[in-house]
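> let's see this in three dimensions:
(2 chains)
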2 protein chains.
Amino acid sequence: MNINPKLDLVLEHTLDITPEQAWRGWTTPGILTKWFCPEPWKTIEAEIDLRPGGKFKTVMQSPEGDKFPNMGCFLEVVPNKKLIWTDCLLPDFRPVAQLESGAGLHFTATIMFEPIAGGKTKYTAIAMHRDEADRKKHEDMGFHQGWSICADQLEKVMKGK
Amino acid sequence: MNINPKLDLVLEHTLDITPEQAWRGWTTPGILTKWFCPEPWKTIEAEIDLRPGGKFKTVMQSPEGDKFPNMGCFLEVVPNKKLIWTDCLLPDFRPVAQLESGAGLHFTATIMFEPIAGGKTKYTAIAMHRDEADRKKHEDMGFHQGWSICADQLEKVMKGK
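Model prediction:
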């Protein structure tokens, strides 16, 4: 990974679950919906076709009931270790029609899971952007807090599973 | 492959070389430069990091000497069978800064090589676009003629190699 601090956002978090548990939480639609949005937002739908070129679709719902679909494409799938997807491409790697999405920016996300002592996981989430403006926008939207809350929710959902 | 005739362009061509030869011609920078542009345009530079996320850079030169760099990212690499890349992403899957490139449009390209009798290859090149306007623009730029001439040039360069 070539991380560029001017363009990328990075979250590191220790999860009190194993990489295998974290991976299962990330890649099982019926589990992803339980933790993928910071509450009181909800993820009400998830479709996961876990292969390079496969569909990654989620629908988020605001507390007011507004729905925000997100469509992306998996790029790299290394079970229990690494997951990369982007919303710059639709499934089958098709270029996305509009650079602007619900959130108003596009990025490529890399999620890494590394085992650490005591059955825990070093969890790293990286968002890569096209320019500094998009990085800042994503940061101002609450990237660090939001992804950190979600990591806690993932841990809570998967503990003991 | 889910081909959408409204959005995609497809070239099918029979090459009188084997899939292995065609693959080598496609993935070796010093060979790619010999056939990748319809003459009298030239490809004067090529960088190929042959892995998902790897760099695919070429520089084309017009007969007048103007240079046009193209930067892309490989998405799928199946030796002797299939090669997919896009210029919607830069190397390491980073979103591209501008949707407009030298050619003024972005696409994902899939190249497929299938063996046929007599040591020949069924060669298929697919360009996937974000909308009908981009498909038409690419078609009007001479996609079919251009890629067909290049396929002939590839065959000529690799024959007997």
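
> check which helix or strand residue A:145 maps to.
helix A:143-158 (DSSP states H and E).

> what does residue A:136 give?
Counting by DSSP H and E, residue A:136 is part of helix A:132-140.

> thinking again about what came up before, which strands or helices does the helix holding residue A:145 pack on?
strand A:8-15, helix A:19-27, strand A:120-128 (3 or more CB pairs under 8 Å, 6 or more residues apart in numbering or on different chains; DSSP states H and E). Any C-beta I mention is one placed from the backbone N, CA and C, and that applies to glycine too.

> can you name the residues bridging to the residue nearest to residue A:94 when sequence neighbours are not counted?
Among residues not flanking residue A:94 along the chain, residue B:128 sits closest, at 4.9 Å (CB to CB, 6 or more residues apart in numbering or on different chains). Listed by DSSP bridges, the beta-bridge partners for residue B:128 are residue B:8, residue B:108.

> now do the contacts for residue B:128.
A:92, A:93, A:94, A:95, B:4, B:7, B:8, B:107, B:108, B:109, B:110 (CB atoms under 8 Å, 6 or more residues apart in numbering or on different chains).

> hmm, which two among these are most spread apart?
B:4 and B:109 (14.9 Å; CB to CB).

> have a look at the two and say which one is more surrounded.
Set residue B:4 next to residue B:109 and count neighbours by other CB atoms under 10 Å in any protein chain shown: residue B:109 wins out with 19 against 12.

> measure that one to residue B:125 for me?
7 Å (CB to CB, to the nearest Å).

> now do residue A:87
26 Å.

> next: residue A:108.
Residue A:108 is 25 Å from residue B:125, by CB to CB.

> got it, and residue A:155?
For residue A:155 relative to residue B:125 (CB to CB), the value is 46 Å.

> please apply the same query to residue A:23.
From residue A:23 to residue B:125 the distance is 36 Å (CB to CB).

> residues from chain A in reach of chain B?
A:1-2, A:7, A:52-53, A:75-76, A:84, A:86, A:88-89, A:92-97, A:99, A:106-108, A:110, A:128-131, A:134 (CB under 8 Å from any CB of the partner chain).

> most centrally placed residue in chain A?
By CA atoms, centre = their mean, chain A has its centre lying nearest to residue A:109, at 6.3 Å.

> in this model residue A:85 seems to touch it, though I could be wrong.
Yes: counting by CB atoms under 8 Å, residue A:85 is a contact partner of residue A:109 at 5.8 Å.

> buried stuff in the top strand by length along chain A?
Longest strand of chain A, by residue count under DSSP state E: strand A:67-78. Neighbour-count burial for strand A:67-78, with 16 or more other CB atoms under 10 Å in any protein chain shown as criterion, is recorded at A:68, A:70, A:71, A:72, A:73, A:74, A:75, A:76, A:77.
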